[in-house]
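Student: give me a 3D structure for the following:
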Amino acid sequence: MATLLFLNVTPSEAQLLSNPLNFPLQLSGGFGDLRANHYHAGLDFRTRSSEGHPLYSVLDGYISRVTVSPGGYGLAVYLTHPSDSLITVYGHLQAFTLTMAALVKEKQYEKESFTIDISFKPDEIPVNQGDVIGFSGNTGSSNGPHLHFEVRDMNTNDWLNPLIFYHSQIPDSQKPQLRGLRIYPIEGKGAVYGSNTKQDISFTLDKNGQPIITQPIEAWGEIGIGIRATDRMNGTNFNYGIKDILMTVDSIELYRSHIDRISPNESRYVNSQTDYEEWSKTRTFFIKTFTDPGNSARFIASRNSGKITIEEERIYNVVITLTDFYGNTLKIPVKLKGKNQDITPIDTAGAKLLRWYDYNPFSAKGIRMTFPRNSLYSSLYMRYRVANDDNYNSPIHILHPTPVPLHYPAQLSLFIDSIFADSLANKYGIVQIALSTGRRSWIGGVYRDGWFDTEISELGAFAVTSDFNPPRITPIGPATWRAKKKISVLISDDLSGIASYRGEIDGQFVLFEYDSKNALITYTFDNERLQRGAHTLKITVTDRCGNLAAFQHPFTY
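Tutor: Down below sits the predicted model:
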């Protein structure tokens, strides 16, 4: 059985950090919450549905880094606290302090780029606990005003659960809740109710929220269990992730997940801990209480990979215990009834066996692939097929009928059927196609002797197509620019995506801020750099295929 690496600091031993806000803390997101391709690395503190609240340093230290990005954390400040061996991160800021804002703006003009990443030495910008380091906002990939707050181990760069340091400031007496229960027959080894497909199990809740399953579940061979569950906290309607999951079978521990520390290279294991196919289809997370052999997350331990072996015609008593950070607990009793039934063997006809631990090459007409070692979470019989579609410049290569995540990217090369001049190669690239909707996601690639080379992070359907259409530039209310002292412009692209943009006034670079989630760039009139009078604005936008759009407009300041 694997050994869990628990954080060697308990809430009672940890130094409590001061409040980064000037009002009581409430959470809209928890540490380790399940997200697309990653675990949530910090806490999301609510900011009363508004922006501009001062943010305070929670310990003595120094500002070690600031970043500006159209996505991700948006405006972010990183503080290093050497005496405590911690780094704290404040994300989605509306604004920096005036001094820091001026420094960042100077660097942006120097590099002629909105996106910026600046590091500082320990003696450059010291801060004391309680100093204002910025103001809360909604920048980057944020869906509403809040503060994304992280605590990192300075020595390992692991993300730590900030609740370790804030447990006394955020009360919680609500237990987790079960939303769904699913039984998974292990392919070729198990069956449930005579089927080799996953089965949703009905249950009711009593007045205390306790799940009740009225009938034992008939199963045979090897099976796994999945749950859809959330945690709740006092005073909010938000849903949070489950900190601790324990599964026992006849009082023997088979599985445990305990999330208090995550390293950056473990974050993608969320795709193994959850039912990835379900998430891909419905954006719903089912947590598996059984493990894939390629999942090396330190916060998961299991016996027999958490798989339950049903080999006797009797009742197997399973208990799944969900516990939040504060010890609030929900126990889910599940009775499995051993009933001998046929188990469907794995259909290997025409399939390519990919071993999770091995280097796996694959090739067919018009396609070449290599899977690095440990890129798969489990060994897979990949069922490859081809579909022809005149809308693409290559056949559609369908690597597997269901989505399969990869921990490390696989190298994919597709041959292009159409002949074109090498000078046009940058107009073509690989797209991933959702077969149910036809939606295309641009991946791109490098052209080489008739082949496009790229990397992919999941198995799906892929083809080569072209993008000759330039981006779109749409000014918002030019007649109001002078009164508002601000220029606002929408920029968008229909396929390959925005690669770069540039704003100029009278031929000189000006700083347009980019809000990618709203496809919006804005320039605020700068008295230090813009003289009163008549001017000419020019904006150019380039997509990832080199298609360029330009917009020019006179205005007066």
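
Student: looking at this protein, which helix or strand does the model trust least?
Tutor: One helix or strand of the chain scores below all others by mean pLDDT, DSSP states H and E: strand 446-448, with a mean of 93.

Student: any idea how far the helix or strand that comes right after that strand is from the chain center?
Tutor: The element immediately downstream of strand 446-448 (helix or strand, assigned by DSSP states H and E) is strand 451-459. Strand 451-459 sits 20 Å away from the centroid of its parent chain (C-alpha atoms, centre = their mean, to the nearest Å).

Student: so what are the sheet partners of strand 451-459 and their directions?
Tutor: Strand pairing for strand 451-459, determined by DSSP bridges: strand 404-415 (antiparallel), strand 446-448 (antiparallel).

Student: pairing partners for the next helix-or-strand element following the longest one, with directions?
Tutor: Where DSSP H and E defines the elements, the next helix or strand beyond strand 404-415 is strand 428-433. Within its sheet, and counting by DSSP bridges, strand 428-433 is paired with strand 440-444 (antiparallel), strand 461-466 (antiparallel).

Student: average pLDDT across the shortest one?
Tutor: What strand 440-444 shows for mean pLDDT is 97.

Student: one step back: kindly reformat the strands paired with strand 451-459 as a markdown table containing distance to L43 and mean neighbour count.
Tutor: From N, CA and C alone the C-beta is placed, and that goes for glycine too. Below are those laid out as a markdown table (distance: least, C-beta to C-beta, whole Å; neighbours: other C-beta atoms under 10 Å):
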| stretch | distance to L43 | mean neighbour count |
| --- | --- | --- |
| strand 404-415 | 26 | 19 |
| strand 446-448 | 40 | 13 |
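
Student: okay, those in CSV with distance to E124 next?
Tutor: Listed next are those as CSV, based on distance: least, C-beta to C-beta, whole Å:
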stretch, distance to E124
strand 404-415, 37
strand 446-448, 40
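
Student: so which of those comes closest to Q432?
Tutor: strand 404-415 (10.0 Å; C-beta to C-beta).

Student: now that closest one: mean pLDDT?
Tutor: On average, strand 404-415 scores 98.

Student: cool, stretch 136-147 as well?
Tutor: pLDDT averaged over stretch 136-147 gives 97.

Student: buried ones in it?
Tutor: 136-140, 142, 145-147 (16 or more other C-beta atoms under 10 Å).

Student: ok, of those residues, which one's closest to L16?
Tutor: The closest of the buried residues of stretch 136-147, once distances to L16 are taken by C-beta to C-beta, is L147, at 17.8 Å.

Student: quick revisit: need the strands paired with strand 428-433 in TSV (columns: mean neighbour count).
Tutor: Listed next are the strands paired with strand 428-433 as TSV, based on neighbours: other C-beta atoms under 10 Å:
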stretch	mean neighbour count
strand 440-444	17
strand 461-466	22
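
Student: okay if I get those strands as TSV plus distance to L16?
Tutor: Listed next are the strands paired with strand 428-433 as TSV, based on distance: least, C-beta to C-beta, whole Å:
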stretch	distance to L16
strand 440-444	44
strand 461-466	50
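
Student: closest to I201 out of those strands?
Tutor: strand 461-466 (31.8 Å).

Student: with only the CA atoms kept, save the closest one in PDB.
Tutor: The C-alpha trace of strand 461-466 is given here as PDB (Å, rounded to 0.1, in the frame of the first residue of the first chain):
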ATOM      1  CA  ALA A 461     -10.100  13.600 -33.600                       C
ATOM      2  CA  PHE A 462      -7.600  15.700 -35.500                       C
ATOM      3  CA  ALA A 463      -7.200  17.000 -39.100                       C
ATOM      4  CA  VAL A 464      -5.300  19.700 -41.000                       C
ATOM      5  CA  THR A 465      -7.100  22.800 -42.100                       C
ATOM      6  CA  SER A 466      -6.400  26.400 -43.200                       C
END
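
Student: does the closest residue in space to N547 that isn't next to it in sequence belong to a helix or a strand, and which?
Tutor: Excluding the flanking residues, the one nearest N547 by C-beta to C-beta, 6 or more residues apart in numbering is P470, at 4.2 Å. Assigned by DSSP H and E, P470 falls within no helix or strand.

Student: test my guess that P470 contacts C545.
Tutor: No: checked against C-beta atoms under 8 Å, the pair P470 and C545 is beyond contact range at 9.3 Å.

Student: wait, D158 touches I262, no?
Tutor: Yes: with contact defined as C-beta under 8 Å, D158 counts as touching I262 (6.5 Å).

Student: tell me which of the two has more neighbours.
Tutor: I262 (23 against 18; other C-beta atoms under 10 Å).

Student: ramachandran angles for that one?
Tutor: Backbone torsions for I262, taken as degrees, to the nearest 10, come to phi -140, psi 130.

Student: ok, it to D467 distance?
Tutor: Distance from I262 to D467, counting by C-beta to C-beta, to the nearest Å: 37 Å.

Student: do the same with A483
Tutor: 38 Å.

Student: what do you get for K111?
Tutor: 28 Å.

Student: compare those two (neighbour count), which wins?
Tutor: D467 (22 against 12).

Student: what residues are up against the more buried one?
Tutor: Each residue near D467 by C-beta atoms under 8 Å, 6 or more residues apart in numbering is listed here: 427-429, 442, 494-496, 543-545, 547.

Student: same thing but 10 Å
Tutor: Residues near D467 by C-beta atoms under 10 Å, 6 or more residues apart in numbering: 426-429, 431, 442, 444, 493-497, 543-547.

Student: taking those residues, please make a PyMOL selection of just the buried ones.
Tutor: A single PyMOL command suffices to select whichever of the contacts of D467 are buried according to 16+ other C-beta under 10 Å:
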select buried, resi 426+427+428+429+431+442+444+493+495+496+497+543+544+545+547
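
Student: the helices in the stretch 251-400 of the chain, which residues?
Tutor: According to DSSP state H, counting those that start in this stretch, the stretch 251-400 of the chain carries its helices in the segments 270-273, 276-282.

Student: output the contacting helices and strands for the last one.
Tutor: Which is helix 276-282. Counting by 3 or more C-beta pairs under 10 Å, 6 or more residues apart in numbering; DSSP states H and E, the packing neighbours recorded for helix 276-282 are helix 270-273, strand 404-415.

Student: quick check: S496 is in a helix.
Tutor: No: in this structure, S496 is coil, not part of a helix, as judged by DSSP: H, G, I helix; E, B strand; the rest coil.
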